[in-house]
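# This is the structure alone, sequence omitted:
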């Protein structure tokens, strides 16, 4: 049965929406989470959690569980064939978590859902939000079954094509890059490094290779026309054309595959009255550097704290969230944009690019600076 009212309605039960709800429940708040899917997504999209995000998630009590279920990696590298251009290490970072955690998004969602349920919360499925009306002291969310939930605040965590954002009149301008991307999870018979995330800057184009906890590898490639369902032969060609040459990795299985285009967008504002944006509803960008879900999860924890304060009558935190989180999104989008552009320079100058990277990549300042940017704390 759909509740008639709550202090906060969160629309969207991906990692960001669940994290907002967990944060609110920890503050003892009455929160309702609705999602249009009948069950949580069982395909993997985001697959990395960075050090700063692990620090922030301590507040929700899920960091240890995520680290235990994930794969710890202390190395990131930009390569060209078998040449190491820019080595990046996380081991010396000023944090209790000097590593990235490789963990598929569905596992992250499940950990957050279990934490929410531990705290007495739940997700209402399958309900799509179709209407929104704001008043001076609250908002009403109409669901596709006709039910209406009254709340003091509404969080739009319903993705890039957010219905709540549109109903609230918030714009998210930006660009869709003319770059098609292929995502393939594969199993291989040796030949790929298991201790690093590697960006291969090949003449044929970019290839990201990342090991996952179950022994498979995530391949992400920017290609002229990505297939909807990549097969084993396609994945093998990606590795042969763009990956390491001497080790000859052999693809034995395609676990899952998909395709997408790169959008670089950020909302003009994260707040419209009683409506707050978080995650992909507020910002979206290239997957280069694996920053998207991390940025959204940090949004979520900050927003949950600000909403709890607002429910006590102190709304200044909501405006601070809207301003500061947007500034952080602009920084992250800039980093992802630079990595994407660097990977997609014209073919004729790619050898020059690689030669230059090989030189500057030897400088410790370059390595440490990139490590901190990727980790989420460039200022430390």
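Received the coordinates, thanks. From a predicted model like this one, the values you see are computed outputs, not experimental measurements.

# so where is the stretch 101-250 of the chain shaky, pLDDT-wise?
178 (pLDDT under 70).

# try 90 this time
Scanning the stretch 101-250 of the chain for pLDDT under 90 picks out 135-136, 173-181, 203, 222-225.

# Now do the helices in it.
When assigned using DSSP state H, counting those that start in this stretch, the helices of the stretch 101-250 of the chain occupy the ranges 105-118, 163-167, 232-242.

# For the shortest one, buried residues please.
Of the residues in helix 163-167, those buried under the neighbour-count criterion (16 or more other C-beta atoms under 10 Å) are 163-165, 167. Where C-beta positions appear, they are placed from N, C-alpha and C, glycine not excepted.

# Looking at these, which is nearest residue 364?
Comparing these against residue 364 with C-beta to C-beta places residue 165 closest, at 42.5 Å.

# ok, the closest one touching residue 267?
Yes. At 6.8 Å, residue 165 counts as touching residue 267 under the criterion of C-beta atoms under 8 Å.

# where do the contact lists of these two overlap?
The contact sets of residue 165 and residue 267 overlap at 172, 277, 281-282 (C-beta atoms under 8 Å, 6 or more residues apart in numbering).

# Give me the subset of these lying in strands.
residue 277 (DSSP state E).

# number of nearby residues for residue 249?
When neighbours are counted by other C-beta atoms under 10 Å, residue 249 registers 20.

# check contacts around it.
Taking C-beta under 8 Å, 6+ apart as the criterion, residue 249 is in contact with 188-192, 239, 243.

# Distance from the host helix or strand of residue 57 to the middle of the chain?
Using DSSP states H and E, residue 57 falls within helix 51-57. Offset of helix 51-57 from its chain centre (C-alpha atoms, centre = their mean, to the nearest Å): 13 Å.

# any idea how far residue 200 is from residue 362?
As judged by C-beta to C-beta, to the nearest Å, residue 362 and residue 200 stand 19 Å apart.

# These two: which is more packed in?
Set residue 362 next to residue 200 and count neighbours by other C-beta under 10 Å: residue 200 wins out with 27 against 13.

# contacting residues for the closest residue to the more buried one other than its chain neighbours?
Distance criterion C-beta to C-beta, 6 or more residues apart in numbering; nearest residue to residue 200, sequence neighbours excluded, is residue 207 at 4.3 Å. Under the criterion of C-beta under 8 Å, 6+ apart, the neighbours of residue 207 are 199-200, 219-221, 238-239, 242-243.

# Could you dump those into JSON lines with distance to residue 250 added?
Formatted as JSON lines, the contacts of residue 207 follow (distance: C-beta to C-beta, whole Å):
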{"residue": "199", "distance to residue 250": "21"}
{"residue": "200", "distance to residue 250": "17"}
{"residue": "219", "distance to residue 250": "14"}
{"residue": "220", "distance to residue 250": "19"}
{"residue": "221", "distance to residue 250": "18"}
{"residue": "238", "distance to residue 250": "13"}
{"residue": "239", "distance to residue 250": "9"}
{"residue": "242", "distance to residue 250": "15"}
{"residue": "243", "distance to residue 250": "11"}
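
# Relative to residue 299, which of those residues is nearest.
In terms of C-beta to C-beta, no member of the contacts of residue 207 lies closer to residue 299 than residue 220, at 23.2 Å.

# Double-check residue 326 against residue 271; I have them as touching.
No. With contacts counted by C-beta under 8 Å, residue 326 stays clear of residue 271, the gap being 9.6 Å.

# before we move on, the earlier item: scan the shared contacts of residue 165 and residue 267 and report the most crowded one.
residue 281 (33 neighbours).

# Show the model's pLDDT score for that residue.
Residue 281 carries a pLDDT score of 96 in this model.

# thinking it is in contact with residue 157, fair?
Yes. At 6.0 Å, residue 281 and residue 157 qualify as touching, with contact defined as C-beta under 8 Å.

# overlap in contacts of those two?
Common neighbours of residue 281 and residue 157, using C-beta under 8 Å, 6+ apart, are residue 12.

# From the contacts of residue 207, pick the one nearest residue 366.
Nearest to residue 366, judged by C-beta to C-beta, of the contacts of residue 207 is residue 199 at 14.5 Å.
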